[in-house]
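Asks: fold the following.
(one chain, ligands or ions: 1)
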Amino acid sequence: MLQQKIPATVITGFLGAGKTTIIRNMLMNAGGKKIALIINEFGDLGVDGEVLKGCGAENCTEDDIIELTNGCICCTVADDFVPTMQRLLERDVKPDHIVIETSGLALPQPLVAAFNWPDIRTRVTVDGVITVVDSAAVAAGRFADDHDKVDALRAADESLDHESPIEELFEDQLTCADLIVLNKADLLDAQGIERVRDEIFSRIARKPTMVQAKNGQVPSMVLLGIGAGTETDIENRKSHHELEHEALHENGVEHEHHHDHDEFESFALNLGSISDPSGFVDRLKPVIEAHDVLRLKGFVDVPGKPMRLVIQAVGSRIDTYFDRPWASGEKRETRLVVIGLHDWDFGAVVEAVQAAA
Ligand SMILES: Nc1nc2c(ncn2[C@@H]2O[C@H](COP(=O)(O)OP(=O)(O)OP(=O)(O)O)[C@@H](O)[C@H]2O)c(=O)[nH]1
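Replies: Here you go, the predicted structure:
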């Protein structure tokens with residue numbers, strides 16, 4: 001009997017766009033489907049995996065959540081992703097659907113290409129690539145090229161072979177999409193959303209379906225079951241890097257491999273308990289703005305509170321919420337991961353975040 005391929009959905013999108021939020025909603029509304037999750041995150045702290053395990057969905061237990069922690073998934077396809085997938089496919093009880101959350105800095109193209117590997121191709125297919133967009137960030141021009149900054153980066157590093165790393169990555173993630181979710185629609189009015197839609201279509205050649213969402217709420221029927229078979233269409237979804245590489249190769253130039261996220265850096269910080277979290281948030285805002293922190297997330301120990309506080313900053317927009325009680329025997333501590341561009345003054349950022357605590 002011909003074995004049916006297991007569908008796999010790739011969820012991509014820039015740092016903080018709302019990938020984990022969408023997945024959390026999906027797990028709660030997956031209509032009984034057994035889902036296996038593969039999560040890849042930039043930075044040494046598995047915040048997304050922790051958050052998703054914290055939601056306790058029955059159709060996706062802790063055992064079904066696999067974290068890939070050896071760097072961005074697009075660079076570790078052969079060493080990390082493919083073996084993980086093989087092990088998952090060897091399990092006695094197979095998932096109905098596999099969902100892969102890429103890091104916010106990953107290119108989806110190499111991951112999708114991995115579905116053409118002989119051992120994988122026969123057993124799994126890419127149901128769809130879903131690119132999640134922070135509509136408010138697009139409207140604020142965060143992905144538009146900042147020429148001064150790019151010039152400064154290029155002056156510091158002559159090997160840079162592209163324009164703004166953020167803009168390129170954003171476009172590469174859009175280029176690969178079967179479905180684009182214009183998330184954070186609650187932060188814009190209807191005209192603002194229309195402008196974001198137009199801007200996105202102006203940046204890509206294909207015309208994938210677009211839906212808008214508030215707080216990552218998209219019906220699972222829309223997310224799962226797209227049936228795109230994306231791995232058969234990678235020729236039409238090439239990244240900037242692949243196109244540049246091809247052009248240089250045609251001209252007989254051998255070109256050093258260079259990934260976009262080389263321009264990003266992260267560090268993890270352990271801080272003590274924080275008795276005044278709202279004061280911490282107020283003090284953190286100017287630090288984020290002054291040092292161009294792209295993303296900060298983690299868990300805070302608030303003395304006297306039985307619950308763990310999650311802190312999430314995307315640019316200077318900061319959310320906090322208590323997600324679950326600290327487990328017995330679990331070490332209560334404040335752990336944060338901070339992500340920024342490679343050219344930042346690392347020591348100064350560490351000091352400033354510590355001083356805000
Ligand atoms: N206002 C608003 N905030 C949202 C929405 N969706 C997500 N957020 C918030 O945005 C922040 C980042 O959301 P995540 O789901 O963690 O984003 P992510 O894409 O998984 O982030 P990375 O994995 O770090 O790249 C969190 O504070 C969310 O609560 C939305 O539709 N509207």
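Asks: which strand or helix spans the closest residue to the ligand within the stretch 251-357 of the chain?
Replies: As assessed by C-beta to the nearest ligand atom, the ligand sits closest to Gln312 within the stretch 251-357 of the chain, at 3.2 Å. The way it works is simple: take the backbone N, C-alpha and C, and place the C-beta from them, glycine included. Following DSSP states H and E, one finds Gln312 within strand 307-314.
Asks: so for that strand, mean pLDDT?
Replies: Across strand 307-314, the average pLDDT comes to 95.
Asks: looking at Ser202 now. What's its pLDDT?
Replies: 93.
Asks: for Phe322, that is, sorry about that
Replies: On pLDDT, Phe322 comes in at 94.
Asks: on that earlier part again, now do the contacts for the residue of the stretch 251-357 of the chain closest to the ligand.
Replies: Gly16, Leu296, Lys297, Ile318, Asp319, Thr320 (C-beta atoms under 8 Å, 6 or more residues apart in numbering).
Asks: and the furthest pair within those residues?
Replies: Farthest apart among the contacts of Gln312 by C-beta to C-beta are Gly16 and Thr320. That separation is 14.4 Å.
Asks: higher neighbour count, these two?
Replies: Gly16 (23 against 15; other C-beta atoms under 10 Å).
Asks: which SS class is that one?
Replies: Of the three states, Gly16 takes coil under DSSP: H, G, I helix; E, B strand; the rest coil.
Asks: would you confirm that it contacts Val314?
Replies: Yes. Here Gly16 reaches Val314: they are 3.2 Å apart, a contact under C-beta atoms under 8 Å.
Asks: hey, what's in contact with both of those two?
Replies: Counting by C-beta under 8 Å, 6+ apart, the residues touching both Gly16 and Val314 are Asp134, Ala137, Arg295.
Asks: contacting residues for the nearest residue to the first one once chain neighbours are set aside?
Replies: With C-beta to C-beta, 6 or more residues apart in numbering as the criterion, Asp134 has its nearest non-adjacent residue at 4.4 Å, and that residue is Ala17. Counting by C-beta under 8 Å, 6+ apart, Ala17 touches Gly104, Val132, Val133, Asp134, Ala137, Asn183, Lys184.
Asks: so Ala17 versus Ser239, what's the distance?
Replies: From Ala17 over to Ser239 the distance is 18 Å, taken as C-beta to C-beta, to the nearest Å.
Asks: re earlier: list the ones among the shared contacts of Gly16 and Val314 that fall in strands.
Replies: Residues of the shared contacts of Gly16 and Val314 located in strands (DSSP state E): Asp134, Arg295.
Asks: in a markdown table: the shared contacts of Gly16 and Val314, plus pLDDT and distance to the ligand.
Replies: What follows is those, written out as a markdown table (pLDDT from 0 to 100; distance: C-beta to the nearest ligand atom, whole Å):
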| residue | pLDDT | distance to the ligand |
| --- | --- | --- |
| Asp134 | 97 | 7 |
| Ala137 | 93 | 10 |
| Arg295 | 93 | 5 |
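Asks: assign whichever residue of the stretch 1-150 of the chain sits closest to the ligand to helix, strand or coil.
Replies: Among residues of the stretch 1-150 of the chain, the one nearest the ligand by C-beta to the nearest ligand atom turns out to be Gly104. It sits 2.9 Å away. At Gly104, secondary structure determined by three-state DSSP is coil.
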